[in-house]
Every structure is written in C-alpha cells, then in structure tokens.
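Peer 1: give me coordinates for this.
(chains A, B and C)
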Amino acid sequence: MNVWLDAILILIVILGLFIVASTRLGTMIHIFGLQSLFLGCVPFFLYAKEMELYIIFVCLAAMVLRGLIMPYFLFWAIRHVSVRSEVSPLIGTGTTLLLSGFAIAGAFLLASKLIFPVKIGSDMVIPSSFSLIIMGFLLLVGRNKAISQVIGYLVLENGIFLFAILLLKKMPLLVEMGILLDLFIAALVMGIVVNHISVEFNNTDTTQLTTLKD
Amino acid sequence: MLIFLVLFPLIVGGSVFILAEQKSRNRMLFFTAFLHTACVFSFWKFQPAFVLNGFLGLDALGLLVLSVVSVLFLMVSFYLMGYFKNESDVSHRIFIGFLLFFLSFMTLVTISRHFGLLLIGIEATTLSSVPLINFVKTRQSIEATWKFLMICLIGIALALLGTYFLAVAGFDNVQSLFIDKLLNHAKELSVPWLKISVIFLLIGCGTKMGLAPMHTWLPDAHSQAPSPISALLSGCLLNCAFLSILRVGQVCFAAGQTPFFSSMLILLGIISLGVAYVFILGQEDYKRMFAYSSVEHMGILAIGIGLGPIGIYGSLLHVINNAFTKGFAFLVTGNLYKQYKSKKVNDVRGVLREFPITGIFLLAAFLAVSAMPPFGTFISELLILYAALIGHHYLVAFFYCLFLALIFIGIADIILKMIQGQSVSSVIMSPRLKHSGVNCAKDLNVNKDPSPLGLRMKTRESLSMIMPILILIVIVLILGFYIPPFLDNDLHKAAGLLGG
Amino acid sequence: MTILLLLHLTILIFFPPLLLGFIGKTKAFFAGRIGPPLLQPYYDLYKLMRKASVYSVTTNWIFRAAPMVSLAAILSAGILMPIAAMKPPVQFWGDMILFVYLFALARFVIILAALDTGSSFEGMGASREATFGCLSEITMFLNLTILALLSRNLSLSEIFLGGLSSSWLLVGPVLILVVVSFFLILLVENSRIPVDDPETHLELTMIHEVMVLDHSGVDLAYILYGKAVKLFIFGTMLVSIIITFRTGDSLIDTAFFILEIIAFAVLIGIVESTMARLRLNKVSFLLFSAFIFSVFGFIVILVRGH
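Peer 2: Have a look, this model is predicted:
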C-alpha cells in the first residue's frame, strides 16, 4: 500500500470538498488550480517503478494546462465581474457539502463493486475519481454563477482525468494529448462565453438566462 | 485522401480569417464545400485506404453519414450566399471560418476509426459551432449558446468516461480503442465494464444527439442560431452524434450484447417521441417546433436501431431522409425569418398568398417532416414500423404510431395556420386587435390591400435561397420512390455492420 | 503501579487549569501584552471556591446538582483516558462508549440547568449547545470508531497505548483526516474561538458561556474547572493520536507528555489569536466539514478492510 499516493488522493478529494464548500469565486479557482497540480503528481507515484518519458510529458502538460493556465484564464474571464461570490446558490453550501459526503461514500461503495482487471497501485484511485465527478456534478447543478459551473465542469474533468491516469499505459499519447487539448479549448470557449455573459448582463448569474423556455 | 478531406476545410477556414472581402469569402466557402462533396462522391466509386496507422478510415456507415454531411453542407453554403447578401459583414469572417472548421471536424467524426479520436472530433464540433450559434449576439442567443455549450460538454465528458470504461473492458486482451481491434476481440471484453461503458456512452452521445431527457439544449440552440446553422446542426451534427452511437452499437453487436443496447435505445427513443409531442403541441415559435421535430426524428432513429435488421436498414435510410428534410425545413424557416423578422407563429400568416414559393416550400417541409407519402421519410418510417410489427414489439409499435399521429396533428395545426389566411402585416399595425380573433378576421376582410409596412417587408427570394431548398426537396422526393442501387448496396453493408 | 496511578490522578486533577494559563499567555504574547500570570486560573478557582453561591428563586435542585454532576462526569471520563504511557485507573472492554457518553451527560445536565433558570437568554444558549452537540457527538464517536477499527479494540487504554503504533505507516492519510476532524470537534466542544469566545459574556452569538451565566461561587468554579479538565482530556487524546512513540520509561514519557500538551495549549492559543470568530451559521458548516472528514476516513478504512 502506497501511503504517499493515498495521501495525495485524499488531499485531492478534500480539495474538491473545499471547492464545493467555498462561495468565493477566487478561492474556488485557486483551490481548483491546486487540486490540478496534485492531480498531475499522481502518475509519478502510481508509476514510480515504471516511469516512461511520455507519462512525464502528459503529467507535466496536465499540470501546466490545468494547474496554471486555466486558473489564470478563469481570472481573466471574471476580471470585469464585481460580485465575486456565490450569493444565493440553488443548493446551499452546507447541503452540497453533506451531499458530497454521501457522494464519496457512494463512490467508494460503487468502486468496491467494480473490479479493475489488473492490480493498481492504490485501490483509492477509482473511488476518488468517481467522487470528483459527482462533486463536479453537484457544482454544476447547485450553483448559479456561470464561472462556478465552469469550475464544476473542470472538477468533473479532473475526475475523469484521474481515471484516465489508470489507462495511461494503454492509451496512445496522441489521444491523451488530444483530449487534454480539447479540454483546454473547451475551458477557453467557456471562458469567452462567460465573458460575453458578463458583458451582456453585467454579471455572470445564470439565473438571468431564463428567457428561453417552453 | 482522407487526411486531405479533414485538413483542406481546416486550412481554408484558417485562411478565410485573412481574406478581406466578403464576396471572396463566400466563394471560398462554396468552393471548399463543392470540392469536399466531389471528393466524397469519388469515394462511392473508389474506397479510400486506411491512413495514419488506421486512425482514419471509411466504412459503409461512415460513408453514408459523410455523404449526407457533405451534400447538406454544400447546399447550406450555396444558400448562405443569398442569406448574407443584405447584411453587413461584421463578424462574417469568424462565422465562415468556423463554419469550415465545423465541416472539417464533422468529417473527422465520420472517418475516425478510434474511439478517442471520435470523441475529440465530437467535442471539436461542439466547440466550433459555438460562434455559429452565437452569431447574432443577443441575450437570447448567448443564453442558448451557454446551454448548448454546458450540456454538450458535460455529455461529452460522460462519453469520455464511457470510452475509458470501454478501454478498461478490454484491458486484458484488446488494449486499444481502435474500433476494428475492439470488433475483432469483442467477445473477450469484460461484460460489466462494457455495459457501464455503453450506458455512459449512450448518455453522453445521446446528449449531443438530442435524445429526450438530455435534449434541453437542442430547442434553444436551434431556435437562436441563424437558420442555415440550424439546418446544419439538425441535419449534420445530430447525425454525427448518431454515428458515434452506432459505433458503440457495432461493438455491442460484436460482443453479443445487442439486446441490452437495443432496449436502452428503444426506451430513449420512445421518451424522445413523447417529449417532442408534448412540446410541439401549441408551440409558439416555429423554429422551436422544427427543433422538437428533430428530437422526434432522433427518437425514431434510435427506435429503428433497436428493432433488428429491417429497423436498422430503415433507420439508416431515415438518416438520409431526415437530414435532407430537416435541412430544407430549416432553410425555409430562414426564408420566413427574412421576410417576417419574427420567429413567432402568430406573426406569420398567409405565407402562400404573399410568398408563393416559400409557401409551397413550407408546405413541403411540413409534409416531409411529418412523413407524408410522396416523401422519402414516409418509406423509412414505414420500414421501422414494419420492423416493430414483425419483431412482435407491439407496445413499441403502438407508442410509435400514437406519438407520430399526435405530432402530425400538432405540426399541422401550426404550419397550416401559417400557410393559409391573409397576411398579418396589416394586423401588426393595430396590436390591440391582434389577439381578439373575431375582430381580427373582420379587420382582415375589410382591409384588403396590404399596408405600407407589408409592402416594405416584402422582398423577393433570391435564387440562391430557393435553389438549395428545391434540390433538397427533390432528393427527398426521389428517395420516396426510388432508392438507387449504389445507395441500397451501401445501406445493406452498413446495416450488416450493425447486425442487420 | 500504585505510584503511577497516583501520578495519573495528580496530573488529571491538578494540571488542567495550567493549560488555560498557557493559552492565556500565548494570546497575550500575540497581542503584545504581558498577560495574566500562568497560575491565574488557579487563583480564579480559589477565589470562586471561597465565595457563596446565589440561587434564583425560580430554580430547583437540578440547577444546584448540575455543576457537580457535570464535573463528576468529566472527571470519570478522565479516569478512563490513559495519560502519557500510564494505564488509566479504570479500564474495561468498551469503555470508549462510556467515555463519549460521560461527556454527553455533562453536557446534558448543564443544558438542563440552563433551561431550569427559565431565562430566555440561557434557553437560547442551551438550544445552540444541543444543536452543535448533536453534530459534534456523532463525529466524535465516528472518529473513535475509526481508531477502534485500526487498533481492533474498544478500550481507550488499548487504543492509545500501542494500538495505533503501526497505523501511521499503513494508513497515515486516514489518521490525518481523523486528527483534522478531531481538532475541529475539539474547538467546538470546548467552545474555543472560531466557534465561541470563552472570554466574553455579552455577545448574543456565544454558546457555552451563555448557559452558565446564572451560576456563581462554588458552582461556577466547578463548571470552569470541569471545562479545563475537558480541554485537557481532549488535548491528551489529540496528542496521543499524533504521537504514538513512547520510550517505555514512565517518568521520561510523562515529562515529554507535559511538553506535548503545553505545545497543544500554545497551538490553541495561536489559533485563537489568528482567527476571528465565525458567524453562528458557519459553525454548523465547520461541524459538517469535521463530520465529512471523519466519514471519509471511515469509508477508506472500511474499504481497506482493516
């Protein structure tokens, strides 16, 4: 059992909880960046004995893209926004936090049912990834600010990336990089749209986006 | 050749940003689309080889969807020449550039032989269509863009997770995400992981395809995008997403998990039909109505795939019919919007009298969308019903017929109101009367000659806004009577890939 | 053996107020003051002990009994808890559960006494105490369960005397979760600063202090002394979770333990000086976090099948 790997995974999930619990956009972005940096470290522990050059490359790329460029870009997208905190989220932070707790429990139960074909360095990788995915969903559903929803999406993507790390050996570098790049562009486009929203509506509250309905 | 097909629109799209003149940009667009179509047609004669270590390749399914995409894109680019004629070219540079990127990525989706690449293609189509949907930059269009972007991106994220699960399912022996390799070793895939992967992929790609519980982005995006873009979204993008579901279906068929896959598709399909019916009924926005009709047709496609060999054949035929039908239906709404400057059903009256050509087109669109006999859609929907009946899926057949009939009534109610009667332009002058039916009718009878406002609004449809629609109508009509042997052959081959 | 037991009891009974002294000194240091002498809590207790109690006419025997019962309960909990490497005077299989519920009893009688005064102000404090108590108790119990699972024992003395020695190497991350969660609970249970301010008596947001406003003289001395002992027991527990290494020599261990617990007091002082008090509705948030931390740790342990 790899204690350091476990520690990092627990830290990643706890940072996810912090994102879920915080209401300030700036804090959320910072914590997201931190989480991504830790996420990029996971393969170094998971594949410590069988390190290959392309793994290092993918990890570094992930760390730089997710941990540094994206937070910077998200700050750019909200530079005009004056209200930088989630004032009245759809689902309160306490409730979201409690739901996240249940989500983590569910993720661990689910992961104990699904048996991974080969032995992996830590049996906490899959549950942690599921937890992040569910927490991302909770943010997407429960928050009103467009930027918090973007962060929710990114947390969800972090969870998927954590799962993808398990497959790093089997998936060609091309696809990994392509997906990473796609994610980056997705965040870019979302940031631009958030920017449009903030310019058009003077803030990024998606509760105002309700003119289109049946 | 295949690489060229992807890269050429990409490069032209990039170069369009440099071009200064709007006219040359339009010509560039049309030329590229034409060349693309020509290339695609040559593939019917000469099967292209796999390239890039087998990442790219064209099979019968891909060829089918690629041709549909290419032809519809050609028609839309033709149409756009007339559509943009009277508008200032503020952001056309971005618009046409991204339109070409969109074509390139859709091509990538149809020819990729690797699940990872497929998903990258689908995500890229989403991202490249964002500036297209947000073309007019009103509050509503930003809202529609935001919903489209968020929901589709989440869908793709789930599909990505599904793809990873698929990789895990083949962790022991397949060890790759190449479709051909997966198909060859499908029997050795781990079943629980395969099933969970299919669920995630269906939900993910179903979101993009507009299947019912995940369809919420579709009506907004279709109604807020410029009409030619709605045509492309409905005719090309949804079919690309459908193709990715078919790829999953191929793997399921090879792994002997077809019943699981079919039942899920039929369920989603029936839900889509029901949702489409509920929202079409009394719809106030004619573009939204056509958008919900897209949800309906996607449901029909899903049901068809779930119903065994004949259903699969019918469903694939319906891919072509539906793409062209929806394509011209949305182009007609483009004409309507040009004339009436409104998307509200109540603002559009007496189309047949004021604009006879558009009126006839609208009537054709109505008949084709609701699958009336002379059109190809009738044949394909009938095939699917037949498949349901001979497969003893009576409950499915019942709901299928019920919802189709109800949707027919719903659409007829809306479209016939628009086509018939007097022009509302005179009524627009006195909004007080607009909502009181009796007064309104009296007013119309008294006031025979059109008001000055009506005169000013009346502009002639240009040739490039008529021809593409006419061509598409003719194609759908021909498909109603006669399926050419080369197409039939390809359809059979494609159905064979899915177990039909 | 007897000497060790005596030593244990001596530390348990006489040391706790000194912790408050250290906390006070630390806070004074951060504020740039000299602060009260280290032994000030003892002087305070002595002063209170000499004074007579004043009882309101609306109160009955519950109000008089509560301080004694609560102090007795807390001290009983103390004799179940091993200090340094010394076995506690009383130990049996399952004393962990008694330990948790002795604190609950102490809380319960104080709440009753607060309600007994009939003052709406104290009733409000009682309701707050009960609300936060519910959440902190379950978290506390969950944390102890994790420790019990790790050391495969339900007795506090077994858990803290060697039961956890190998756990840090095996499931260090989980223990970190437990420590963080436990520290948050400790702040809530002992009404320390981010939750409650032990030094003011006038704010509407306070929780514990408001309940004991009507107590005076010896009764108040009992309550204050009981609080000090409670803080000491919690501190002992935290220190015992973090530092599992013991030399085996009782005297050296005890000396080290005294240093550790003083460091703990200084830590509390630092937290109190650097943090502002939370708004009342954020306290439940803090408790939620503590709860989720320990749930998370619990799940990991369950999955690991320790």
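
Peer 1: what sits against residue 20?
Peer 2: This is for chain A. The neighbours of residue A:20, taking CB atoms under 8 Å, 6 or more residues apart in numbering or on different chains as the test, are A:93, A:96, A:97, A:100, A:135, A:138, A:139. For every residue, glycine as well, the C-beta is placed using N, CA and C.

Peer 1: sorry, should have said chain C
Peer 2: C:41, C:228, C:231, C:265 are the contacts of residue C:20 under CB under 8 Å, 6+ apart.

Peer 1: thought residue B:300 was touching residue B:269?
Peer 2: Yes. Contact criterion CB atoms under 8 Å: residue B:300 and residue B:269 qualify, at 6.8 Å.

Peer 1: thinking again about what came up before, widest-spaced pair of the contacts of residue A:20?
Peer 2: A:93 and A:135 (12.5 Å; CB to CB).

Peer 1: and these two? Which one has more around it.
Peer 2: residue A:135 (27 against 18; other CB atoms under 10 Å in any protein chain shown).

Peer 1: from residue A:70, how far off is the most centrally placed residue in chain A?
Peer 2: Geometric centre of chain A, nearest residue: residue A:155, 1.6 Å, by CA atoms, centre = their mean. Note on residue A:155: its distance to residue A:70, by CB to CB, to the nearest Å, is 12 Å.

Peer 1: what do the two both touch?
Peer 2: The overlap between the contact sets of residue A:155 and residue A:70 (CB under 8 Å, 6+ apart) consists of residue A:32.

Peer 1: in chain B, which spans are strands?
Peer 2: Using DSSP state E, chain B contains no strands.

Peer 1: can you read off the pLDDT for residue C:200?
Peer 2: With respect to pLDDT, residue C:200 scores 68.

Peer 1: same check on residue A:165?
Peer 2: Residue A:165 carries a pLDDT value of 85.

Peer 1: is it in contact with residue A:44, as I believe?
Peer 2: No. Counting by CB under 8 Å, residue A:165 does not reach residue A:44; the two are 10.3 Å apart.

Peer 1: looking at the two, which has the bigger crowd around it?
Peer 2: Between residue A:165 and residue A:44, counted using other CB under 10 Å, residue A:165 has the larger neighbour count: 23 against 15.

Peer 1: and the more buried one, that one's in a strand?
Peer 2: No. Using DSSP: H, G, I helix; E, B strand; the rest coil, the assignment for residue A:165 is helix, not a strand.

Peer 1: ok, now which ones touch it?
Peer 2: So residue A:165 contacts A:42, A:43, A:46, A:125 (CB under 8 Å, 6+ apart).

Peer 1: the nearest residue to the last one once chain neighbours are set aside - how many residues pack around it?
Peer 2: Going back to what we said before, that points to residue A:125. With sequence-adjacent residues excluded and distances taken as CB to CB, 6 or more residues apart in numbering or on different chains, residue A:125 is closest to residue A:166, at 6.1 Å. For residue A:166, the count of nearby residues is 23 (other CB under 10 Å).

Peer 1: ok, now the one 3 residues further on?
Peer 2: Residues within reach of residue A:169, counting by other CB under 10 Å, total 16.

Peer 1: how about the contacts made by residue 211?
Peer 2: Picked chain A for this. Here residue A:211 is in contact with B:139, B:140, B:143 (criterion: CB under 8 Å, 6+ apart).

Peer 1: should've been chain C
Peer 2: C:110, C:111, C:113, C:114, C:122, C:125, C:126, C:129.

Peer 1: all helices for chain C, in order.
Peer 2: C:2-14, C:16-31, C:40-50, C:61-78, C:95-116, C:120-151, C:156-158, C:167-189, C:217-242, C:250-274, C:280-304 (DSSP state H).

Peer 1: by how many degrees do the fifth one and helix C:120-151 diverge?
Peer 2: Relative orientation of helix C:95-116 versus helix C:120-151 (axes from the mean of the first three to the mean of the last three CA atoms, to 10 degrees): 180 degrees.

Peer 1: just how off-centre is helix C:95-116 within its chain?
Peer 2: 12 Å (CA atoms, centre = their mean, to the nearest Å).

Peer 1: got the buried residues for that helix?
Peer 2: By neighbour count on 16 or more other CB atoms under 10 Å in any protein chain shown, the buried set for helix C:95-116 is C:95-96, C:99-100, C:102-103, C:105-116.

Peer 1: which strands and helices sit next to it?
Peer 2: Where contact means 3 or more CB pairs under 8 Å, 6 or more residues apart in numbering or on different chains; DSSP states H and E, helix C:95-116 is packed against helix C:61-78, helix C:120-151, helix C:156-158, helix C:217-242.

Peer 1: that one vs helix C:217-242, what angle?
Peer 2: Using the same axes, to 10 degrees: helix C:95-116 against helix C:217-242 is 150 degrees.

Peer 1: per-residue pLDDT, the closest residue in space to the residue nearest to the centre of chain A that isn't next to it in sequence?
Peer 2: Nearest in space to residue A:155, with sequence neighbours left out and distances taken as CB to CB, 6+ apart, is residue A:136 at 3.8 Å. pLDDT for residue A:136: 92.

Peer 1: was I right to think residue A:136 contacts residue A:152?
Peer 2: Yes. Contact criterion CB under 8 Å: residue A:136 and residue A:152 qualify, at 4.9 Å.

Peer 1: residues contacting residue B:82?
Peer 2: By CB under 8 Å, 6+ apart, the residues touching residue B:82 are B:461, B:462, B:463, B:464, B:465.

Peer 1: do that again at 7 Å, thanks
Peer 2: B:462, B:464, B:465 (CB atoms under 7 Å, 6 or more residues apart in numbering or on different chains).

Peer 1: pull out the buried members of those residues.
Peer 2: Buried members of the contacts of residue B:82, counted by 16+ other CB under 10 Å: B:462, B:464, B:465.

Peer 1: the last one and chain A, how far apart?
Peer 2: Spelled out, that is residue B:465. According to CB to the nearest CB, to the nearest Å, residue B:465 stands 27 Å off from chain A.

Peer 1: in space, what's closest to that residue - neighbours in sequence excluded?
Peer 2: residue B:82 (4.0 Å).

Peer 1: which single residue of chain C ends up nearest chain B?
Peer 2: Across chain C, the shortest distance to chain B (CB to the nearest CB) belongs to residue C:303, at 18.7 Å.

Peer 1: so the residue nearest to the centre of chain A is in contact with residue A:19, correct?
Peer 2: Yes. The pair residue A:155 / residue A:19 is scored as a contact, 6.2 Å apart, by CB atoms under 7 Å.

Peer 1: mutual contacts of these two, please.
Peer 2: By CB under 7 Å, 6+ apart, residue A:155 and residue A:19 have these common neighbours: residue A:32.

Peer 1: helices and strands around the helix or strand bottoming out on mean pLDDT in chain A, which ones?
Peer 2: Ranking every helix and strand in chain A by mean pLDDT, DSSP states H and E puts helix A:173-201 at the bottom, with a mean of 75. Contact analysis of helix A:173-201 by 3 or more CB pairs under 7 Å, 6 or more residues apart in numbering or on different chains; DSSP states H and E lists helix A:53-62, helix A:70-77, helix A:146-166, helix B:115-133, helix B:139-169 as its packing neighbours.

Peer 1: re the thing from before, who wins for neighbours among the contacts of residue C:20?
Peer 2: Going by other CB under 10 Å, residue C:231 tops the contacts of residue C:20 with 25 neighbours.

Peer 1: and that one, how close does it get to residue B:157?
Peer 2: 48 Å.

Peer 1: same question, residue B:418
Peer 2: From residue B:418 to residue B:157 the distance is 40 Å (CB to CB).

Peer 1: looking at the two now, which is surrounded by more residues?
Peer 2: For residue B:418 versus residue B:157, neighbours defined as other CB under 10 Å are more numerous around residue B:157 (26 against 23).

Peer 1: test my guess that that one contacts residue A:154.
Peer 2: No. Here residue B:157 does not reach residue A:154: they are 10.0 Å apart, not a contact under CB under 7 Å.

Peer 1: could you pull out the buried residues of stretch C:286-295?
Peer 2: For stretch C:286-295, burial by neighbour count (16+ other CB under 10 Å) applies to C:286, C:287, C:288, C:289, C:290, C:291, C:292, C:293, C:294, C:295.
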